[in-house]
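Asker: any chance you could fold what I've pasted below:
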Amino acid sequence: MRGFIQRQNRLFTMFISLTLLAFALSVSSQVWAQGDHPMNQPLRVAADVGFIPFAFTDPSGKVVGFSDDMAREIAKRLGRPGYEIVDSNWSAIFAGLFAKRWEFNIAPTTVTVDRDKQMLYTEPYFETGFGFVVLNANSMPKGPQDLRGKVVGVNTGNTSDGWATKNASKYGFTVKRYDKNADAVQAVLTRQVFANIGDIPATNYIALKNKRLKIAHRIYTGASFGFPFRKDDVEFRNTIERILESMKLDGTVAGFHKKWFGSMPGLETAMNKVWVGYGPVGYTSYTFEPHMPWSK
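Answerer: Sure thing, here's the model as predicted:
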């Protein structure tokens with residue numbers, strides 16, 4: 001037993017030493033193209049403004065929401081003089097990223113195999129899936145099979161659009177696309193479509209705030225949101241991930257969830273969990289590089 005404990009202690013000491021070495025190397029290598037990420041200018045990020053409750057305008061015209069709070073805190077910890085959220089339709093948001101119109105997408109972006117081939121992701125920070133929003137007055141569909149003969153509204157180009165396009169023939173429904181998810185929700189309220197299919201966090205919030213609407217069905221896919229970056233922006237992605245990890249560990253991300261969704265996330269969810277390495281485990285964006293969270 002004593003020998004086992006001694007071996008475990010040696011392994012633990014070795015792990016700590018390697019972690020501290022990796023931390024020292026990561027600090028010394030945090031260099032990125034200043035032209036792309038000027039430290040003397042506001043952090044410039046993109047979101048599909050109108051995607052409630054992540055980024056939308058309040059009655060005064062100010063952009064607010066979960067993603068807005070995340071952008072503000074990341075800019076603060078990074079040491080940038082403020083931040084700017086550029087409003088982009090979802091269908092154009094990746095093209096804008098690749099064209100360097102902004103530094104990364106703060107919008108909730110589902111990690112997928114196809115997207116992972118084109119860009120880098122941070123580790124996950126929010127689990128998601130698909131929710132079906134319908135009017136309270138409508139019958140409650142028990143699943144996609146009950147959408148036969150119906151019209152559903154989706155946000156053009158997002159994962160909900162992809163799921164609906166793939167399954168429209170199978171379940172016999174028609175897809176109507178909107179540049180803004182808010183327009184798809186409005187189409188439900190005006191009975192232009194039967195249901196809006198969107199990310200579960202957004203649909204939960206919509207139904208919570210509008211008593212005329214309800215969540216008819218949820219499909220949990222095991223998918224998560226991560227922040228996407230250009231493929232050549234490795235060091236900056238790594239820096240933002242370390243900041244994200246520090247925000248998880250000190251409860252900032254969980255606090256934003258409480259603010260916008262009315263409850264604290266579970267300890268085992270992506271909002272509280274930190275992974276070893278950079279990027280989402282199991283994807284090409286991931287690299288096994290032990291490091292310490294941001295400490296500035």
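Asker: Tyr121 pairs with what?
Answerer: Applying DSSP bridges to Tyr121 yields these beta-bridge partners: Pro228.
Asker: contacts only, for it.
Answerer: Listed by C-beta atoms under 8 Å, 6 or more residues apart in numbering, the contact set of Tyr121 reads 109, 111, 115, 226-229, 237, 279-280, 283, 285. Using the backbone N, CA and C atoms, a C-beta is placed for each residue, glycine as well.
Asker: again, but for His37
Answerer: The contact partners of His37, by C-beta under 8 Å, 6+ apart, come to 103, 236.
Asker: filter the contacts of Tyr121 down to just the ones in strands.
Answerer: Secondary structure assignment by DSSP state E places 228-229 of the contacts of Tyr121 in strands.
Asker: let me know the closest of the contacts of Tyr121 to Gly82.
Answerer: Nearest to Gly82 among these, counting by C-beta to C-beta, is Phe227 at 18.5 Å.
Asker: just checking, the closest one touches Glu103?
Answerer: No. Under the criterion of C-beta atoms under 8 Å, Phe227 makes no contact with Glu103, lying 10.1 Å away.
Asker: how far away from the center of its chain is the helix or strand harbouring Ala223?
Answerer: In this structure, Ala223 sits in strand 213-225 according to DSSP states H and E. For strand 213-225, the separation from the chain centroid amounts to 14 Å (computed by C-alpha atoms, centre = their mean, to the nearest Å).
Asker: and it, what's buried?
Answerer: Applying a neighbour-count criterion of 16 or more other C-beta atoms under 10 Å, the buried positions in strand 213-225 are 213-217, 223-225.
Asker: elements contacting that strand?
Answerer: Contacts defined by 3 or more C-beta pairs under 8 Å, 6 or more residues apart in numbering; DSSP states H and E place strand 213-225 against strand 126-135, helix 181-189, helix 200-209.
Asker: which stretches of the stretch 51-200 of the chain have low pLDDT?
Answerer: Applying pLDDT under 70 to the predicted model, the residue ranges of the stretch 51-200 of the chain that meet it are 138-141.
Asker: what about the helices in it?
Answerer: Counting by DSSP state H, counting those that start in this stretch, residue ranges of the helices within the stretch 51-200 of the chain are 66-78, 93-98, 113-116, 159-171, 181-189, 200-209.
Asker: report the angle between the strand holding Ala223 and helix 181-189.
Answerer: 150 degrees (axes from the mean of the first three to the mean of the last three C-alpha atoms, to 10 degrees).
Asker: what's in contact with strand 213-225?
Answerer: Under the criterion C-beta under 8 Å, 6+ apart, residues 108-112, 124-136, 138, 140-144, 159, 163, 185, 188-189, 195, 200, 203-204, 206-207, 270, 280 lie in contact with strand 213-225.
Asker: count residues in the vicinity of the residue nearest to Gly266 when sequence neighbours are not counted, would you?
Answerer: With sequence-adjacent residues excluded and distances taken as C-beta to C-beta, 6 or more residues apart in numbering, Gly266 is closest to Asn272, at 7.3 Å. Asn272: 17 surrounding residues under other C-beta atoms under 10 Å.
Asker: do the same with Val64
Answerer: If we define neighbours as other C-beta under 10 Å, then Val64 has 17 of them.
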